[in-house]
Each structure stands twice: as C-alpha cells, then as structure tokens.
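Student: I would like to see how this sequence folds:
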Amino acid sequence: MKKFFTTISNIWKIEDLRVRIINTLLFLLIYRVGSFVVLPGVNTATLNSQQGKEGIAGLLNMFAGGSFSRASIFALGVMPYISASIVVQLLGIAVPYFAKLQKEGESGRNKLNQWTRYLTIGITALQAVGYLKSQINADQMLIANPYFTVLNMFVLTAGTMFIMWLGEKITDKGIGNGISLIIMVGIIAALPGAFLSEFQSRNAGAGGLVTFIVEIVALILVVMFTILIVQGVRKVAVQYAKRIVGNKQYGGVRQYIPLKVNAAGVMPIIFAQALMFIPATVAQFFPKAASNPILMSLSDYTAWGHNLLFAILIIVFTYFYTAITINPNQMADDMKKNGGFIPGVKPGKSTAEFIDGVISRITLPGSIFLAIIAIIPAFASLVGVNSAFARFFGGTSLIILVGVVLDTLQQIESHLLMRHYDGLMKTGRIKGRTAVSAGSGTSQPVI
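Tutor: Below you'll find the predicted structure:
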C-alpha cells in the first residue's frame, strides 16, 4: 500500500504527466455534461425512460453513455467514427489508392484520417435522420416535423464531430487514447446504477447478501480472465544482422514480435452482435414469423441456440478481423529491409508463412476465449443477475473497459519510467531485447 501511494505521489510530481491527467479529466467532464443536453425542439416530459435500451439501440445507448435514450446532442456518440474507421481499413485492403496511403508513413496516415473524418460526417448525417425518425415520436416534437429533422440532423452531426475533436485533444494533450476513453466513460457511467440496483434487489430477499458477494467475486474472476486474454502475446524472436558504420556497430541484437492472442480486440463481438439482431428485426417487420420456434430461439439472448450461433460468429469474425489488421507479408518485408530474420526461417515468403501460421494457431484459443467472455452475461442473467449488471460480466463492455484501462496505465507507466520512477505495473523487462510492433502504426481506438 505504501508503494502505491508513493507511485501516486510520483505521478503528481511530474508536471507534464499531472497536466495531461488534469486535461483528460476536464475533457471527459465536458463530454459527460454535454451528454445531458437535450436536442432542441424535444419535449423532455414525454421521453420514455426505457426508450432505446433494448436490442441494437441498447448497444448504441451503452456506447453513448445513455445519451441515445436521453435524446442528447451526443446521442450518436462515436459509433459513426468507429464505422468510418472500419470502412477505411477495409478500403486499405480492397482499393490500391488506400493501400498506398497506408504505406506512406505520417503523410499517408494524415490523409487516411482526413478521409475518415469526411466519411464520419456522411455516416452521422444518415444515422441522424434514422435516429430522429425511429426514436422521436410526433408528440415529443415541439416544432414542425421537417424543420425538426433538418435542424437536429445538423446538431447531431456537429455533436459527433465535437466528440471526435475532444477525443483528438485527449490523445494530444491528455493521457491515453481519447476516443477509447470516451467510450469507456460512457460504459462505466452505467455501472454505479447497475451495481446499486443489484445490491438492493439481493438485499430485499432475492438471494441475500451472500449471493451478492458471490456475484462480486465471480465478476473479479471474469475481469482477471479478460486481462489474461487482452494481455496475452506470443513472442516471435527476430535477429538483426550486425552492421558497422564508421567506428560504431549497429544491429546484432535479438528482438521479438509480440503477436497478440486477441489481436482483433472487441470488433468480432460487435460484428456478431449486429448479425444476431437480424432475427429480432425480422420478427418486428413480419409479425407472423415471430412465432417460428427457430426465430424465437435466435431472438432470445438467453437461449442455447442464440448463444451457440453467437459464439460461432465471434470465432469466424475473430479470424476475419485478424486477417485484415495483421499483414504477415508486410511484416516479413519490413524485417527483410532492416536486415532482420527469424532464426531458422528464411527471409521473405518463408517468414511470412511462418508468421501467418503462428497467428492462425494462437487465434484459435483466443477466439474461443473471446466467445466464452461474450456469452457469460447471458448465463449471468439465467442465474438471476440483473440484466443491467450482467452486462459487466463480459461481452463488449468488459473487454473495452479492461483494454482501455490497461492501455492508459501503460502510458502512465512509460512516463514514470522515462523519469526513473517505479512504474504502476510489474512488466517483464528483458535486458537487451525490445519489442517490434506487429501493427501498421495507424492510431486507432483500442476497441
């Protein structure tokens, strides 16, 4: 405990780190205050407290920190930006122009970011119209329908762009990845209410305090399991040839490539969830089909059929997203250009095949564990856990929370180590070895 308080004191002594943390907290406070500002022309007295909290609307509401159900100016959150980022990544595989930009270093990344911003504006405008048509009823409007829709389309678009700006400012002048922190704050905002609701429910007689304590212990174990998955890496040794330039020797040091067990992050769960909402959507548009047993099973998130298909989709999408985010051929080419090679493996094509084989082998257990984490909330609900509290037992919310917290702590740790202070976390530092990033270098949200 003494070492913990000493570390906190060291953090406060570093002026740059102290200013960054204060900036981050202030920017996040602005975001949370803005999430309670209601759209102009909306009659708040007629808003349904449960509106937009089920299905895909519930997922969007969670990412937006409750703004979606409150008809806030930040109702769409950063989801349009996430969608635009994914589209740009896919274009980098299918379109040669975007693939070329990915290889142009800083200038290429700036152009890709600009394309992402333009695409975000278009996606936000379309989603804004859909949101206003589906979530705001005629009796909730204080002004005429056409004016209301046009006005708030611009407001919602401006709100999303402002959140993007806040995220960029946090990344530049704060600590951690700004967009990821904004998503995390939106998710964690629902935790106190869900925790209190579960405590009151158990305390009132639904299992008692002993059951509540068991739930907390189970939640801690799930969090520990998730940390293992997020942090798990397979280190591939890389040897660099010695080079003598003048009187100095370069290279000759063994480094490693840390290939992550869960390189796809939370994206497979998001993709799979989007597909799993299709049966419920079909049932809404075709009431006669709603009585179909298969459709009913797939629409019920606690049913075995739903969870089995959900787990299979997550495994498939984990392989798919890993394949589009990690390019073994590019990694092999970069190593060859820098005079690096994997011991016992020929440079070039053989190296690419070796890396691809390693990724395929570690992705299988990673995808299975990811699927298990994703379906834990359904089983938590089956044993009586409140649905709002059960969300934190796994799935999208838990993986994002763990990933963002670990990423932020690692950045704070790097600031402490640069100034010769003890870090926050115990990390394996191997003398004479450094890590080679397996990513493309493009700044993306942790999710």
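Student: where does the stretch 101-250 of the chain dip in pLDDT?
Tutor: Scanning the stretch 101-250 of the chain for pLDDT under 70 picks out the ranges 138-139, 142, 144, 242-250.
Student: Please enumerate the strands of the stretch 101-250 of the chain.
Tutor: For the stretch 101-250 of the chain, the strands defined by DSSP state E, counting those that start in this stretch occupy 233-240, 243-245, 248-250.
Student: oh, I was asking about the stretch 301-447 of the chain
Tutor: All strands of the stretch 301-447 of the chain, identified by DSSP E, counting those that start in this stretch, fall at 340-341.
Student: can you list the weak-confidence ranges in it?
Tutor: Applying pLDDT under 70 to the stretch 301-447 of the chain flags residues 420-447.
Student: Check which helices and strands the top helix by length along the chain sits against.
Tutor: Looking only at the chain and at elements set by DSSP state H, the helix with the highest residue count is helix 349-382. The contact analysis (3 or more CB pairs under 8 Å, 6 or more residues apart in numbering; DSSP states H and E) places helix 349-382 against helix 208-231, strand 233-240, strand 254-260, helix 267-276, helix 304-325, helix 328-337, helix 387-390, helix 395-418. The way it works is simple: take the backbone N, C-alpha and C, and place the C-beta from them, glycine included.
Student: Distance to Glu104 and mean neighbour count for these - can I get that in JSON lines?
Tutor: Shown next, in JSON lines, are these (distance: least, CB to CB, whole Å; neighbours: other CB atoms under 10 Å):
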{"stretch": "helix 208-231", "distance to Glu104": "30", "mean neighbour count": "15"}
{"stretch": "strand 233-240", "distance to Glu104": "24", "mean neighbour count": "17"}
{"stretch": "strand 254-260", "distance to Glu104": "23", "mean neighbour count": "18"}
{"stretch": "helix 267-276", "distance to Glu104": "25", "mean neighbour count": "20"}
{"stretch": "helix 304-325", "distance to Glu104": "18", "mean neighbour count": "18"}
{"stretch": "helix 328-337", "distance to Glu104": "13", "mean neighbour count": "17"}
{"stretch": "helix 387-390", "distance to Glu104": "46", "mean neighbour count": "21"}
{"stretch": "helix 395-418", "distance to Glu104": "26", "mean neighbour count": "19"}
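Student: between the ones you listed, which gets nearest to Phe36?
Tutor: helix 387-390 (19.2 Å; CB to CB).
Student: how much distance is there from the closest one to the middle of the chain?
Tutor: Taking CA atoms, centre = their mean, to the nearest Å, one finds helix 387-390 lying 19 Å from the centre of the chain it belongs to.
Student: And for it, what's in contact with it?
Tutor: Residues from elsewhere that reach helix 387-390, judged by CB atoms under 8 Å, 6 or more residues apart in numbering: 190, 193-195, 197-198, 215, 377-378, 380-381.
Student: make it 10 Å
Tutor: Residues outside helix 387-390 that contact it (CB atoms under 10 Å, 6 or more residues apart in numbering) are 53-54, 58, 62, 190-191, 193-199, 201, 212, 215, 219, 301-302, 376-384.
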